[in-house]
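Asker: Can you look at this prediction? I've put the sequence above it.
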Protein chains: 2
Amino acid sequence: MEPLPKSIAKFVKSLQLKKYRVQEQSFLVEGAKNISELLNSDFEVNFIVGVPGFLESIEDKGIELYRSTEKELSGLGTFKTNNSGIAVAKTRDFPAPGERGLILALDRVSDPGNLGTIIRTADWFGISQIVASENTVEFFNPKVINATMGSFSRVFVHYCDLELYLKNFKGEIWAADLSGESLEDAELIEPCVVIMGSESHGISEALLKIKHKPLTVPAYGKAESLNVSIAAALVMNRFRTRK
Amino acid sequence: MEPLPKSIAKFVKSLQLKKYRVQEQSFLVEGAKNISELLNSDFEVNFIVGVPGFLESIEDKGIELYRSTEKELSGLGTFKTNNSGIAVAKTRDFPAPGERGLILALDRVSDPGNLGTIIRTADWFGISQIVASENTVEFFNPKVINATMGSFSRVFVHYCDLELYLKNFKGEIWAADLSGESLEDAELIEPCVVIMGSESHGISEALLKIKHKPLTVPAYGKAESLNVSIAAALVMNRFRTRK
């Protein structure tokens, strides 16, 4: 449990930015709950910075540990307050998921909180097949990791050319839209993929040209749209509760 | 369309803080979409600050208008960039909703994005009955208003002593929990109230002592919990799709 060198502090802080996450192939995992999930996962852990009390609880894992104060931690990471620690782990690419069950295809989802919540909800419903367009927010963004509440260690996102992916897909293709077959009536025969569009721009024209069936959550009120993480949850719930 | 006086700029900026929102009984509505919903609502509008192009589009409403630059707007409000305007409107208290349909009871929900998303989703499902504990995040918090995507103008939150409210409630009381009757099997006979707990602490002990039925979204995976706005959406969807 060494004191925290300035160079390490600077390195940790730099990983708040995508540029350095890509360059260093490393990402941040903040807080006790997320770090505990990280340590139970296959991700390679570089080192952990933390307060002495927290580091003692993970001392026997053979990982390099640097001690810091709570105040230092809040300067290094994205949490306003952090009374445990920050781990740095190696990023990796995730392979395309198998063509089975329900596959979520995220097109240009840009809000990290939404992506994190979709990953967390998928983990609840036992759905681990998520593909996303290259311009969807990055899996390793600290706000995504935090919003997953630990589920980043079990549910991954395969980034790809969605158009190509969908053209090669062998099962049913659905697209979540404002009009289409009611979610409650849709049969969702597996394997099936459901395309969920961007918060502000919906699904790309190019993807909508691919043969698909529109799918909708019937509206009873006056809101113009649903948050994408809410729509994704309703789709996953329907997939799990269909007869 | 007057130039923006410094005193008005200072007043707008102060409303980012709850202390001043309560003291001045005023709140911020940011961006074209939200302002347009505000102007179609019963809220009393004090004045609007905006860029000339935006103000021209709302000139005939008899509201005091102050012109500003985009740069000034991003300094006054909570948006990083704002190319339209910021309205200041009068807050008000919302009366208890009628005992009909589904009523959501939010206990200590603290994240403004979650409350805003719940309001937006309720508006989608045509559910306007929301009650909340006094320590639930404030309806007029700008992050709540923004996350509602305009639905703050149609769906309100009645803050009250939840324990007292539930004790006097005449219909069924359900509590969203990690174990209980499966949401898909629950009958949800109206009027019914469903209690949704805090993101980190769940439902208060005091409320759980009130006679209720536990209700759960069956888990198929390993996530420990669902985000409260996701759980609320699944409950509202179930209410609307029950036979």
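Answerer: Looks like it arrived, so ask away. Residues are numbered from 1 along each chain as shown, chains lettered A, B, ... in the order given.

Asker: From now on I want contacts and neighbour counts done on CA atoms only, so please keep to that.
Answerer: OK.

Asker: where do the helices sit along chain A?
Answerer: Here chain A has its helices, by DSSP state H, at A:6-14, A:18-24, A:32-39, A:52-56, A:70-76, A:112-124, A:142-147, A:162-168, A:205-208, A:228-241.

Asker: out of these, deepest packed?
Answerer: helix A:112-124 (a mean of 27; mean count of other CA atoms under 10 Å in any protein chain shown).

Asker: Please compute how far that one lies from its chain's middle.
Answerer: On the basis of CA atoms, centre = their mean, to the nearest Å, helix A:112-124 sits 6 Å off its chain's mean C-alpha point.

Asker: helices or strands up against it?
Answerer: Packing contacts for helix A:112-124, counted by 3 or more CA pairs under 8 Å, 6 or more residues apart in numbering or on different chains; DSSP states H and E, involve helix A:142-147, helix A:228-241.

Asker: Out of those helices, which gets nearest to chain B?
Answerer: Go through the helices and strands packed on helix A:112-124 one by one with CA to the nearest CA and the one that ends up closest to chain B is helix A:228-241, at 5.8 Å.

Asker: is the closest one up against chain B anywhere?
Answerer: Yes: in this structure, helix A:228-241 sits against chain B according to CA under 8 Å from any CA of the partner chain; the contacting residues are A:229-230, A:233-234, A:237, A:241.

Asker: packing partners for that helix?
Answerer: Other helices and strands packing on helix A:228-241, by 3+ CA pairs under 8 Å, 6+ apart, are strand A:102-106, helix A:112-124, strand A:192-196, helix B:228-241.

Asker: Return the residues in contact with the closest residue to A:S26 other than its chain neighbours.
Answerer: By the measure of CA to CA, 6 or more residues apart in numbering or on different chains, the closest residue to A:S26 outside its immediate chain neighbours is A:K90, 4.4 Å from it. Residues touching A:K90, when contacts are defined by CA atoms under 8 Å, 6 or more residues apart in numbering or on different chains, comprise A:25-27, A:43-46.

Asker: run the last query once more with 10 Å
Answerer: Under the criterion of CA atoms under 10 Å, 6 or more residues apart in numbering or on different chains, the contact partners of A:K90 comprise A:21, A:24-28, A:43-46, A:140.

Asker: Which one of those is nearest to chain B?
Answerer: With CA to the nearest CA as the yardstick, the closest approach to chain B among the contacts of A:K90 comes from A:F43, at 17.4 Å.

Asker: Surely A:A96 is in contact with A:H158?
Answerer: Yes: here A:A96 lies in contact with A:H158, judged by CA atoms under 10 Å, at a distance of 5.5 Å.

Asker: related to what we said a few turns ago, include mean pLDDT and distance to B:L17 when you put the helices of chain A into TSV, please.
Answerer: Listed next are these as TSV, based on pLDDT from 0 to 100; distance: least, CA to CA, whole Å:
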stretch	mean pLDDT	distance to B:L17
helix A:6-14	97	29
helix A:18-24	98	31
helix A:32-39	95	30
helix A:52-56	95	34
helix A:70-76	94	22
helix A:112-124	98	23
helix A:142-147	97	24
helix A:162-168	97	43
helix A:205-208	96	42
helix A:228-241	97	28
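
Asker: Between those helices, which one is closest to B:V194.
Answerer: Nearest to B:V194, of all those, is helix A:228-241, at 18.1 Å by CA to CA.

Asker: thought A:I127 was touching A:G98?
Answerer: No: applying CA under 10 Å as the test, A:I127 and A:G98 come out as separate, 11.5 Å apart.

Asker: who's more crowded, the two?
Answerer: For A:I127 versus A:G98, the count of surrounding residues by other CA atoms under 10 Å in any protein chain shown is larger for A:I127: 22 against 10.

Asker: Might you report the residue contacts of the more buried one?
Answerer: Counting by CA under 10 Å, 6+ apart, A:I127 makes contact with A:101-104, A:119-121, A:154-155, A:236, A:239-240, B:220-221.

Asker: returning to what we had before: quick one: which of A:A96 and A:H158 has more around it?
Answerer: Taking neighbours as other CA under 10 Å, A:A96 and A:H158 compare with A:H158 leading, 18 against 15.

Asker: What is the burial count for the closest residue to A:V217 other than its chain neighbours?
Answerer: Leaving out its chain neighbours, the residue that sits closest to A:V217 by CA to CA, 6+ apart is A:L183, at 5.5 Å. One way to gauge burial is a neighbour count; for A:L183, by other CA under 10 Å, it gives 19.

Asker: so A:A89 touches A:V49, yeah?
Answerer: No: using CA under 10 Å, A:A89 and A:V49 do not qualify as a contacting pair, with a distance of 11.7 Å.

Asker: Specify which residue of these two has the higher count of neighbours.
Answerer: The neighbour comparison of A:A89 against A:V49 (other CA under 10 Å) goes to A:V49, with 29 against 20.

Asker: If anything else comes up later, I'll come back, but that's it for now.
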